[in-house]
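Enquirer: When you get a sec, could you give me coordinates for this:
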Amino acid sequence: MDAYQAIVIGGGIGGLSAALALHRQGIPVTVHERAASLEPVGAGLALAPNALRALDRLGVGERLRALATAHPAIGLRHPSGRWLARTDTATFEARFGETITAVARADVIAALVDALPDGTVRTNSPAALVTPGGTTEPAVVRTPDGDRPAALVVAADGLRSATRAQFFPQLFPQHPGPRYSGFTTWRTIVSPTRRPDAVGEVWGRGQLAGVVPLADGRVYVYGAALAPAGARAADGDEKAELLRRYGTWCAPVPQLLALAEPGRVLRHDVWDLSDPLPAYHHGRVALLGDAAHAMCPFQGQGACQAIEDAVVLASALTPAADPATTLPAYTAARLPRTTAIVTGSRRIGGLVALRTPAATRLRDAALTLAGLLPARTLLNRSARTYNWQPPALDATA
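Expert: Sure, this is the predicted structure:
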């Protein structure tokens, strides 16, 4: 078909990645974000090798690698400070070609926006799908400027996707929708006077904390804990809640949390699509990122998989290709992979969720024994995730 207009609903990392991928395929695209700005939700982000390769296809990989902070080793500890397992980052890089790059979400958003033509992203611009279209008619999206036809609509509107809620229940009436994982999470970025010596995660009974150095001396600190859905700190002070939970844990967790600005501690419950959708497309609409396969954060792959989605979706599209006929290939490529990662993330969450002394002792002993295995044996378990290779876009072929 002739050159067409694509519309992306949602200006998060997945939506912006999709817009940039489509732009690099020569497809005119507009992003509609309902928020007044692209102030990112969340604090830090781990870009694994699979996501970095996809970002290379988008032309922004090197910019983000330049923000990485090197650290010789990362690992997993008990709240007492005892190491359960460690991974040498040089060994990781030798196995997968590079390390995991930790950056602020704001830096990823900025890199994607800067690579798009001016005017591509429209903030304070809520958009809603009116009709998904089909082989002979376009999709229609309602925007503040009126109803707009589109040959392709990318619904990157998050876990509570209005697009998915509006149309996909008609297709899959038995699907239960998002489920609460049992976990709530906290995230913040602090600026200590010295870099932390211990990097990685600390696992306790039904909760964990993580420490990840970022650029410019900043540190991303996060926590996850079992809690009822919707629960919040009694006085609204989430920093105090973090110190109550983690204040007696090993350094540098309590020391870093003490530096947090109360108003900059983000808390969100974790819901996921543990029951996979039967398809990620309908008509001329493609679901992407959390709208398609929201997952627990325990593999650090949520944003990574959204970036993968974007490149795979765009790789089959050119101004001469009709999305109505190519979107089934997108589902076929993405559904098995993302389903496996959603399942794996829930499985790791099950280990974090253990709370009884006997169960946590057995878990920690198993982790310690696993840490004694050759590094290659351990890294091979992640190979299917990290070794993924993105398809070429026209601009990177």
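
Enquirer: Now do the strands in the stretch 101-250 of the chain.
Expert: Ranges of strands within the stretch 101-250 of the chain are 101-104, 121-122, 128-131, 139-143, 146-150, 152-155, 179-190, 200-203, 207-213, 219-226, based on DSSP state E, counting those that start in this stretch.

Enquirer: between these, which gets nearest to Ala68?
Expert: For the strands of the stretch 101-250 of the chain, proximity to Ala68 was assessed by Cβ to Cβ; strand 101-104 is nearest, at 4.3 Å. (C-beta placed from N, C-alpha, C; glycine too.)

Enquirer: what does that closest one contact?
Expert: Here strand 101-104 makes contact (Cβ atoms under 8 Å, 6 or more residues apart in numbering) with 40, 43-47, 52, 64-65, 67-69, 189, 212-215, 218, 220.

Enquirer: Using PDB, write out every CA atom in stretch 239-248.
Expert: C-alpha atoms of stretch 239-248 as PDB (Å, rounded to 0.1, in the frame of the first residue of the first chain):
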ATOM      1  CA  LYS A 239      10.800   6.600  52.900                       C
ATOM      2  CA  ALA A 240      10.000   5.800  56.600                       C
ATOM      3  CA  GLU A 241       8.400   2.500  55.500                       C
ATOM      4  CA  LEU A 242      11.500   1.600  53.600                       C
ATOM      5  CA  LEU A 243      13.700   2.300  56.700                       C
ATOM      6  CA  ARG A 244      11.300   0.300  58.900                       C
ATOM      7  CA  ARG A 245      11.600  -2.700  56.600                       C
ATOM      8  CA  TYR A 246      15.300  -2.500  55.600                       C
ATOM      9  CA  GLY A 247      16.900  -0.300  58.300                       C
ATOM     10  CA  THR A 248      18.700  -3.200  60.000                       C
END
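
Enquirer: How far off centre is that stretch?
Expert: 26 Å (Cα atoms, centre = their mean, to the nearest Å).

Enquirer: again, but for stretch 192-199
Expert: Remark: stretch 192-199 is offset 25 Å from the chain centroid, using Cα atoms, centre = their mean.

Enquirer: One more: stretch 14-23?
Expert: Stretch 14-23 has its C-alpha centroid displaced from the chain centroid by 15 Å (Cα atoms, centre = their mean).

Enquirer: Residues contacting it, please?
Expert: 6, 8-9, 29-31, 33, 54-55, 57-60, 109, 112-113, 115-117, 120-121, 152, 154, 156-157, 288-291, 303, 306-307, 309-311, 313-315, 317, 393.

Enquirer: what do you get for stretch 66-86?
Expert: Stretch 66-86 has contacts (Cβ under 8 Å, 6+ apart) with 87-90, 99, 101-104, 107, 198-204, 213-215, 248-251, 364, 367-368, 370-371, 378.

Enquirer: Thank you, goodbye.
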